[in-house]
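[1] Just to be clear, the model below is a prediction. Sequence and coordinates:
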Amino acid sequence: MTNYIFGKVKRKQKFFRIIETEEDVYDTANLVLNGINYNPATLIDDEEIYQITSFSDTEYCLDFLKEELNTVDFDQITKADLKKLSFICTIQDNLYFFQIINSSFFISKKWFSIDELTLETEKPIVTINPFADAIYNKVNDTLYFKKLTAAQKIFKGMDQLYKEATEAETQTFLESEFLDVSAVYSVNSVTIPNRKRIALVNETLNNLSDNEKFAIYDYTNEYGQVTYENGKFKIENDDDLKFVLWGIEQRFYTTHIGGEKRVANSIINI
């Protein structure tokens with residue numbers, strides 16, 4: 001079966017055809033694509049991957065993935081453009097393997113081939129990683145990836161899946177009626193991890209009734225990490241804010257055996 005490698009060149013909108021080969025670039029026989037639905041509150045292990053289903057319906061899906069592949073519609077890439085690649089896409093069967101290309105993938109040194117003992121120079125090569133930055137399965141319309149920071153370089157807009165609260169949103173949150181923020185702790189003191197948590201809990205709070213919000217505050221107070229008086233959490237530093245945000249996300253729990261109070265570092269909905 002013929003496999004293809006296409007490339008996206010910086011500052012150019014279209015894809016270019018690079019290589020057509022009968023040789024497999026990736027080992028699909030041992031490839032297991034069983035992802036966990038992406039949630040910024042879910043941390044995955046090294047052997048796990050995230051997934052986004054119905055990917056073609058998202059606003060950041062490339063037209064390249066939505067259209068039927070016809071190689072004659074693509075121009076052959078020039079040598080000059082090969083040095084301007086932003087990412088490549090290898091197509092094997094119905095799987096699209098994406099790899100970001102940066103300067104570390106270009107090798108331009110003197111070398112000699114083991115098969116042909118001749119010294120070569122001025123013949124730069126592009127290396128291909130054994131693991132792709134993102135994989136799209138056209139059959140089940142699902143994108144798989146391990147790091148959102150990498151995937152968003154290919155699929156622009158995916159960073160909105162894990163956005164930070166803006167300065168205005170952060171200031172508004174600090175002015176919430178259930179918070180008593182110390183004068184020494186301002187919007188400029190809020191770290192990036194807490195800004196990301198604020199973006200998440202804003203959506204959570206918007207979907208809660210007043211009674212549910214009060215229940216969340218009582219639940220957070222049960223774990224006694226932050227002073228809670230007159231219906232307000234006293235925020236004096238970034239850790240205080242972090243514990244309150246964890247509470248709103250309902251990350252605290254008590255073990256059935258031993259009664260230990262713990263905080264969940266990662267959440268998977270079941």
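    Noted; the coordinates are in hand. Remember, it's a predicted structure, so these values are computed and weren't measured experimentally.

[2] surely Phe145 meets Ala151?
    Yes - the pair Phe145 and Ala151 passes the contact test of C-beta atoms under 8 Å, sitting 4.1 Å apart. Where C-beta positions appear, they are placed from N, C-alpha and C, glycine not excepted.

[3] Which neighbours do these two have in common?
    Asp133, Ala134 (C-beta atoms under 8 Å, 6 or more residues apart in numbering).

[4] what does the longest helix seen in the chain rub up against?
    Criterion DSSP state H: the longest helix present in the chain is helix 192-206. Helix 192-206 is contacted from outside by 40-41, 162-165, 169-170, 173, 190, 213, 238, 241-242, 245-246, 248-249, using C-beta under 8 Å, 6+ apart.

[5] List only buried entries from those.
    Buried by 16 or more other C-beta atoms under 10 Å: 41, 162, 164-165, 169-170, 173, 190, 241-242, 245-246, 248-249, out of those.

[6] Dump stretch 54-71 to PDB, keeping only the CA atoms.
    Provided in PDB are the C-alpha atoms of stretch 54-71 (Å, rounded to 0.1, in the frame of the first residue of the first chain):
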ATOM      1  CA  SER A  54     -16.000  14.100  16.300                       C
ATOM      2  CA  PHE A  55     -12.900  16.100  15.600                       C
ATOM      3  CA  SER A  56     -14.000  17.200  12.100                       C
ATOM      4  CA  ASP A  57     -16.800  19.200  13.800                       C
ATOM      5  CA  THR A  58     -14.400  21.400  15.700                       C
ATOM      6  CA  GLU A  59     -13.400  24.800  14.500                       C
ATOM      7  CA  TYR A  60      -9.700  23.900  14.700                       C
ATOM      8  CA  CYS A  61      -9.900  20.900  12.400                       C
ATOM      9  CA  LEU A  62      -7.900  21.300   9.200                       C
ATOM     10  CA  ASP A  63      -9.700  21.300   5.900                       C
ATOM     11  CA  PHE A  64      -6.900  18.900   4.900                       C
ATOM     12  CA  LEU A  65      -8.500  16.300   7.100                       C
ATOM     13  CA  LYS A  66     -12.100  16.900   6.000                       C
ATOM     14  CA  GLU A  67     -11.500  16.600   2.300                       C
ATOM     15  CA  GLU A  68     -11.000  13.400   0.300                       C
ATOM     16  CA  LEU A  69      -7.300  12.900  -0.400                       C
ATOM     17  CA  ASN A  70      -6.300  13.200  -4.000                       C
ATOM     18  CA  THR A  71      -2.500  13.500  -4.300                       C
END
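
[7] what's it in contact with?
    In contact with stretch 54-71 (C-beta under 8 Å, 6+ apart) are residues 4, 6, 15, 17, 20, 52, 89, 91, 96, 136, 138, 141-143, 154-158.

[8] List only buried entries from those residues.
    With burial judged by 16+ other C-beta under 10 Å, the buried subset of those is 4, 6, 15, 17, 52, 89, 91, 96, 136, 138, 141-143, 154-155, 158.

[9] Go through those residues and flag which are in helices.
    Residues of the buried ones among the contacts of stretch 54-71 located in helices (DSSP H): Ile154.

[10] Glu222: which of the buried ones among the contacts of stretch 54-71 is nearest?
    Each of those was scored against Glu222 by C-beta to C-beta, and Ile52 proved nearest at 35.2 Å.

[11] Pull the contacting residues for the residue lying closest to that closest one once chain neighbours are set aside.
    Residue nearest to Ile52 in three dimensions, not counting chain neighbours: Leu143, with 4.7 Å by C-beta to C-beta, 6 or more residues apart in numbering. In this structure, Leu143 makes contact with Gln51, Ile52, Phe55, Cys61, Ala134, Ile135, Tyr136, Asn137, Ala151, Phe155, judged by C-beta under 8 Å, 6+ apart.
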